[in-house]
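In: after the sequence you'll find the predicted model.
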Amino acid sequence: MKRLFSLALVIAVLAILVPVAGAAPPAQGEEYIVRAGDWLSKLADKYLGDPMAYPAIVLATNKKHGEDATFAYIDNPDLIEPGWKLWVPSAEEAAELVAAPKGTPYKIGFAPSVTGGGSFLGVPERNTAEIIIEQLERTGGVVGPDGVLHPVEIIMGDTESKPDVGVSLARRFIDEDEVVALVMGSLTPISLAIAEVAEEAEVPYVSMASSLAIITDPDTGEMRPWVFKTPQSNGDVAAWQVERLQKLGVKSACYLYENTGYGKDCFKNSSKAIEAAGITTAYSDSFERTDTEFPQVAGVEASGCDVVIVGAIPPGASMVTIALRDALPDIPIIHGHGVCTEDFITTAGAAAEGVELPCSAVIIAEDVPGDHPQKAVFMHYKKLYTEYTGEPVSTFGGHGWDGLMWVLDALKSLPDGLTLEEQRAAVRDYLENNIKDWPGTAGVFTLSPEDHYGLTAESFTWFKVEGGKWVPFPKEQW
Amino acid sequence: MNQRVGVAKTESKWKLSRELVGKGVTVAVILGVIAFVLFLGYKKHFETRHYLQLAIDGIRGGSIYALIALGFVVIHSVTGIINFAQGEFVMLGAMLCATIYHSDLSLPPVLKLALAIVLAVAATTLIGVVLERITIYPARGSPVVALIIITIGATITIRALALLAWGTRAKWVPAFTTLEMEDLTFRFGGLIVKAQSFWIWGAVAVVLAVLFYFFERTVMGKALRACAVNRRAAQLMGISPSRMSLLSFALAAALGAIGGIVLAPATRPTYDMGLILGLKGFVAAIMGGLVSSPGAVLGGLILGAAENIGAGVTSAGYKDIVAFVILILILLFRPQGLIGGGERAVEEG
Amino acid sequence: MEQKEKGRDWNQRLNALGVMFLAILVGVIGWVELAQPFGIRFRDFTGGMVTFDTLIRIGILTIVLVGLNLLMGYAGQISLGQAAFYGIGAYTSAIMTTLASRHGVLPGVSRSWWWPWLAILVGMGVTGGFAYLIGRPILRLRGNYLAMATLGLGIIMYILFREGEDFTGGNDGIAGIPRLAIGSFKIWPIERYYFLVWAIALVVIIIALNIVNSRVGRALRSIHGSEVAANTMGVDTAKYKSQVLVLSAVLASLAGSLYAHFQALIAPTPFSFAASVELLVMSVVGGIASIWGAPFGVALIYVVREVLRARLHAILHGAGGEHEMIVYGIVVVVIMIFMPEGLTAGLAKALRRAKRA
């Protein structure tokens, strides 16, 4: 509905603009530096006489980008930033560009957990992929360094939160659909199973689940050559939590975690780090997302610990926070990055006040300082996501965004005429060697052959909930 | 004829001795479990108030199990079907109530909540009725196991439709007392009871009273009971089994919806909340022998308290194990259910 | 009486024909994929909708369902916990075959090629013993108590798989399960494994058909008809029911081991209550009153799901996982309304009608 409305608005605006338009199309193409208030169909109307001819500008600019990196690469026709250098083609050039032969189409297999237990992660990821698909339709695909446009098809699937279905889908994507790369798996066990298939078939695979085990070979402990992952690791979360605990000067901590792969991974990492720092874990227990009673709170109370750490996602995380606040109004509560969404505050209400956690700054995109390396991607992604879904942005969808954007970036580097095996190998090599200082929603990634994850604890910001809002709470203020 | 009498005799003898042994074993098992629980609690520094808190919270959850179990009992005793969609009625009640409450109606919150509750119960009942008419009714006369599979298929579809309609985000319903997200909390010497708990217990009590009146005093209720006792005889007396089946689904859907609505403020409803609640309700129903309403209610309350205490002293990861160990113990030592009358459950479709 | 004899004879011939047909079908599909005559591959017939991965999964679940059908169709006992037996087999295989790499236990022996095969047998023994232990007390009760007890046991086993961190790897499961091999001949890639799974499935079907047509089978059917009558006729119903339960558990365990070596990683989800329910759905959709219901039921459900996954979004623009589940649920309901006895019974009815006409 929202999209229909905005479309109607665009058409209405265009109808007013059309008679005013006048500038003759240039005989030859020309450079154009974007100014504030520009948008592509306005430029297309001004220079090409047709607001709907904007794809020609996109294509021309993206082609120029291959020859000369000072030109911008337009991923999203709705988003051009002031200062970008575009190439506005002449009318003939534009016609030629649109009619030019296209390169081999690329396919990407994308499958989160849309249904089943992982749907709380998978649905935002799926929505994100739909946004990217829409963009790819409008830009026509990706342009390689040789200026050839390749259509990109993202084939969607649903792992149903079952490892079996994940593996079947991965095999189908690889053998039947002949995809260049896989971006799949919202949950750790599913990703682990898919990793085996991807390794065997030698297809680059980006997981959207958080455990480091996914990218590590269980026998040798080295990186699996074909497997990558985008979400922040719980080890980095634990490092922040321990630092904060030490600052608070606590002697014993309680740990409550959701009985899922994510929750258990949180607990494993945090408890290890906490013990190493000389703080005792006085009590630890799991809970279910659907629980209505929390017998664990009695355990927390009886153990007499100084602080509670929670590893969970909403709404389970919200319910346990409420139960803790009822019984122990003054105890500090620290969460993991699973509750990095406004949903946590809206479902926990007043109980969320004072909760602290490390999180990607994407949730406060507007308030991030302008020089922050991720500011642009935060603003861009948040705007797209909230407009498309009408829901607040969460970090989960961001994992899908980062993964797909990695693969698309890799595809932009491929020359035309490669075989499928060569394409797969080239994408893998690109991910491993060329994703450097790459700003994503989860952090600034720097991948290498020794690290297929590429984030450090630095990618987190420490937050506190104050007045029903996420407020950054940097170390200096602790 | 002679043969049959012989069988009955040996069975009753066997039953007598088994009952005696069974009672001894039951008492021993219960004492053993209590000792074990106390030992585990002692290791966790539990005091009496901790146990009391666990029991109170557990009975609150158990009340919801009881309402769901009643739905299972009503449908099973009338049609022989185990209705796997029972948990989805709970979800529908909670989610519809939340959706209606948060709609753009410009009414004072009290009226809005009341309207949301009434509409959610009505809509869920209607869904139950429609479900029976488009799935169970066309398949009447089929083997019971086929009908059970039909309810499984319906469950899959309902849950997926809910996901499509509401997404994965949790909803919220205001507490009935404060009409806000934050509920009133009563503290009695270290014990914490939320105001919503009283609403839940009140709802169960009212539902039980209404059901009692319905089954004992109204023609329709009596017809339903007759159908449960002996379907064929009831049919001969002019009671339409198809209408009774419809009625049982309507009743079960309404019971589920009420359970979901009173529970909603104490939790944050999501599209998939029905699965585990339905399963626990089913266990509670079995504890009542699958045909006894008081047994089902008692089963629900005991189940809720036992699993909460069990989870409190061990680990919440094992919470469900407590429930299903109880199930197996009941099956082994008291298959007719806590209160009895469960033998009729054996009647085959 | 003679009429009945004739009927049985006809039935047996039909069964033999069915086994032969299935064997040839399995062989031809495998041969086409391996040899690619005239450049034709298996996927050319299915439009890529049914992959070898799916065929193997159908074979594995057929083994489980043959056991489940014996239990439900012939002994009249509904099981809502079959996935637990399936899981015990899978976890036994997984734990035993990853012992050396994870814990360094028996490094010499546990890396030899016959060790996984021994693990499969151990799994079958453990599962059978477990089924015997739980079966004896519960099967003495009448009615559908087995259904409820297996439901409880299924969920308890699932929780143990999930919570038994040190043995089962918890939610993340056990990774790195090796492929099967005979000597130095690895039963992998996937086409080889396909032959292994279906060869075992065929043997299981043949054994089950023989059981059904034997004295035991008749005794079982008498239990399904009326247990009291069977009892008075001198049939030790409890003993037979217990034997069938053990057999079905052993078959589920075998299938679980095959699954573990196919998937290379096992996590608790495929052994949950939902999985047991799905097995029940497959069984009933195929038809519990016949061994042939097993392969039909699994194949039907798998093909429906695969076609939905592969095609639904092309028909319905923007369709996702939710739509697949909606349609899948409706398909199950519709099949049950129109073929309440399952697919095999429905087909048999249609055949008889065609014969009469």
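Out: Now that the structure is in, tell me what you want to look at. Residues are numbered from 1 along each chain as shown, chains lettered A, B, ... in the order given.
In: near chain C, which residues of the stretch 101-250 of chain A show up?
Out: Residues of the stretch 101-250 of chain A lying close to chain C (Cβ under 8 Å from any Cβ of the partner chain) are A:114-115, A:117, A:122, A:126, A:130, A:156-158, A:160-164, A:167-169, A:171-172, A:175-177, A:188-190, A:192-193, A:196, A:211, A:213, A:218-219. Every C-beta, even on glycine, is put in place using the N, C-alpha and C of the backbone.
In: now list the buried members of the residues you listed.
Out: A:114-115, A:117, A:122, A:126, A:130, A:156-158, A:160-164, A:167-169, A:171-172, A:175-177, A:188-190, A:192-193, A:196, A:211, A:213, A:218 (16 or more other Cβ atoms under 10 Å in any protein chain shown).
In: can you tell me which of the residues you listed end up in helices?
Out: Judged by DSSP state H, these include A:122, A:126, A:130, A:163-164, A:167-169, A:171, A:188-190, A:192-193, A:196 as members of helices.
In: pick the one among these closest to chain B.
Out: A:Gly122 (8.1 Å; Cβ to the nearest Cβ).
In: which parts of the stretch 251-400 of chain A sit against chain C?
Out: A:259-261, A:264-265.
In: can you put the residues you listed in JSON lines and add secondary structure, pLDDT and neighbour count?
Out: Compiled in JSON lines, those are given as follows (DSSP: H, G, I helix; E, B strand; the rest coil; pLDDT from 0 to 100; neighbours: other Cβ atoms under 10 Å in any protein chain shown):
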{"residue": "A:Asn259", "secondary structure": "coil", "pLDDT": "86", "neighbour count": "26"}
{"residue": "A:Thr260", "secondary structure": "coil", "pLDDT": "84", "neighbour count": "25"}
{"residue": "A:Gly261", "secondary structure": "helix", "pLDDT": "81", "neighbour count": "27"}
{"residue": "A:Lys264", "secondary structure": "helix", "pLDDT": "88", "neighbour count": "24"}
{"residue": "A:Asp265", "secondary structure": "helix", "pLDDT": "88", "neighbour count": "26"}
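In: got TSV for the residues you listed, with distance to C:Leu180 too?
Out: Conversion of those to TSV gives the following (distance: Cβ to Cβ, whole Å):
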residue	distance to C:Leu180
A:Asn259	33
A:Thr260	32
A:Gly261	28
A:Lys264	30
A:Asp265	31
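In: those residues: which two are farthest apart?
Out: A:Asn259 and A:Asp265 (11.9 Å; Cβ to Cβ).
In: please enumerate the helices of the stretch 201-350 of chain A.
Out: In the stretch 201-350 of chain A, the helices defined using DSSP state H, counting those that start in this stretch lie at A:234-248, A:261-276, A:296-303, A:316-327, A:342-348.
In: cool, and the stretch 151-300 of chain B?
Out: Counting by DSSP H, counting those that start in this stretch, the stretch 151-300 of chain B has these helices, from start to end: B:195-217, B:219-229, B:231-236, B:241-263, B:274-287, B:293-313.
In: out of the ones you listed, flag the one nearest chain A.
Out: helix B:293-313 (3.5 Å).
In: for whichever helix or strand comes after the closest one, which helices and strands make contact with it?
Out: For helix B:293-313, the following helix or strand on the C-terminal side (DSSP states H and E) is helix B:319-333. Helix B:319-333 sits against helix B:2-43, helix B:274-287, helix B:293-313, helix C:115-139, helix C:145-163, with contacts defined as 3 or more Cβ pairs under 8 Å, 6 or more residues apart in numbering or on different chains; DSSP states H and E.
In: what angle separates helix B:319-333 from helix C:145-163?
Out: 150 degrees (axes from the mean of the first three to the mean of the last three Cα atoms, to 10 degrees).
In: contact residues of the stretch 251-357 of chain C facing chain A?
Out: So far as Cβ under 8 Å from any Cβ goes, the stretch 251-357 of chain C lies against chain A at C:263-267, C:269-270, C:306, C:309-310, C:313, C:318, C:320-322, C:324-325.
In: and the helices and strands packed on helix B:319-333 as TSV, adding distance to A:Glu422 and mean neighbour count?
Out: Listed next are the helices and strands packed on helix B:319-333 as TSV, based on distance: least, Cβ to Cβ, whole Å; neighbours: other Cβ atoms under 10 Å in any protein chain shown:
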stretch	distance to A:Glu422	mean neighbour count
helix B:2-43	61	12
helix B:274-287	46	27
helix B:293-313	55	25
helix C:115-139	36	19
helix C:145-163	42	24
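In: for A:Leu328, which of the ones you listed is the nearest?
Out: helix B:293-313 (15.7 Å).
In: put the alpha carbons of the closest one into CSV.
Out: Presented in CSV, the C-alpha positions along helix B:293-313 are these (Å, rounded to 0.1, in the frame of the first residue of the first chain):
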residue,chain,number,x,y,z
SER,B,293,-13.4,-32.3,32.5
PRO,B,294,-12.6,-32.0,36.2
GLY,B,295,-9.7,-34.4,35.6
ALA,B,296,-8.4,-32.2,32.8
VAL,B,297,-8.5,-29.0,35.0
LEU,B,298,-6.8,-30.8,37.9
GLY,B,299,-4.3,-32.2,35.4
GLY,B,300,-3.5,-28.7,34.0
LEU,B,301,-3.0,-27.2,37.5
ILE,B,302,-0.8,-30.0,38.7
LEU,B,303,1.2,-30.1,35.5
GLY,B,304,1.8,-26.3,35.6
ALA,B,305,2.9,-26.4,39.3
ALA,B,306,5.0,-29.5,38.9
GLU,B,307,6.9,-28.4,35.8
ASN,B,308,7.6,-25.0,37.2
ILE,B,309,9.0,-26.4,40.5
GLY,B,310,10.8,-29.1,38.6
ALA,B,311,12.4,-26.5,36.3
GLY,B,312,13.2,-24.3,39.2
VAL,B,313,15.2,-26.9,41.1
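In: quick one on the thing from earlier: tabulate the helices and strands packed on helix B:319-333 (TSV), appending mean pLDDT and distance to chain A.
Out: Output for the helices and strands packed on helix B:319-333, formatted as TSV (pLDDT from 0 to 100; distance: least, Cβ to the nearest Cβ, whole Å):
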stretch	mean pLDDT	distance to chain A
helix B:2-43	72	9
helix B:274-287	92	5
helix B:293-313	91	3
helix C:115-139	92	16
helix C:145-163	88	8
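In: JSON lines for the ones you listed, including distance to B:Ile117?
Out: Formatted as JSON lines, these follow (distance: least, Cβ to Cβ, whole Å):
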{"stretch": "helix B:2-43", "distance to B:Ile117": "38"}
{"stretch": "helix B:274-287", "distance to B:Ile117": "18"}
{"stretch": "helix B:293-313", "distance to B:Ile117": "21"}
{"stretch": "helix C:115-139", "distance to B:Ile117": "42"}
{"stretch": "helix C:145-163", "distance to B:Ile117": "33"}
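In: dump the helices of the stretch 201-350 of chain A to a markdown table, plus distance to C:Tyr259.
Out: A markdown table is the format used below for the helices of the stretch 201-350 of chain A (distance: least, Cβ to Cβ, whole Å):
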| stretch | distance to C:Tyr259 |
| --- | --- |
| helix A:234-248 | 30 |
| helix A:261-276 | 20 |
| helix A:296-303 | 35 |
| helix A:316-327 | 30 |
| helix A:342-348 | 37 |
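In: which strand or helix spans the residue nearest the centre of chain A?
Out: Residue closest to the average C-alpha location in chain A (Cα atoms, centre = their mean): A:Gly398, at 2.1 Å. For A:Gly398, the host element (DSSP H and E) is helix A:395-412.
In: now do the next helix or strand after that helix against helix A:395-412, angle only.
Out: Reading on from helix A:395-412 to the C-terminus, the next helix or strand found by DSSP H and E is helix A:420-434. In terms of direction (the same axes, to 10 degrees), helix A:420-434 departs from helix A:395-412 by 120 degrees.
In: packing partners of helix A:420-434?
Out: With 3+ Cβ pairs under 8 Å, 6+ apart as the test, helix A:420-434 has helix A:395-412 packed against it.
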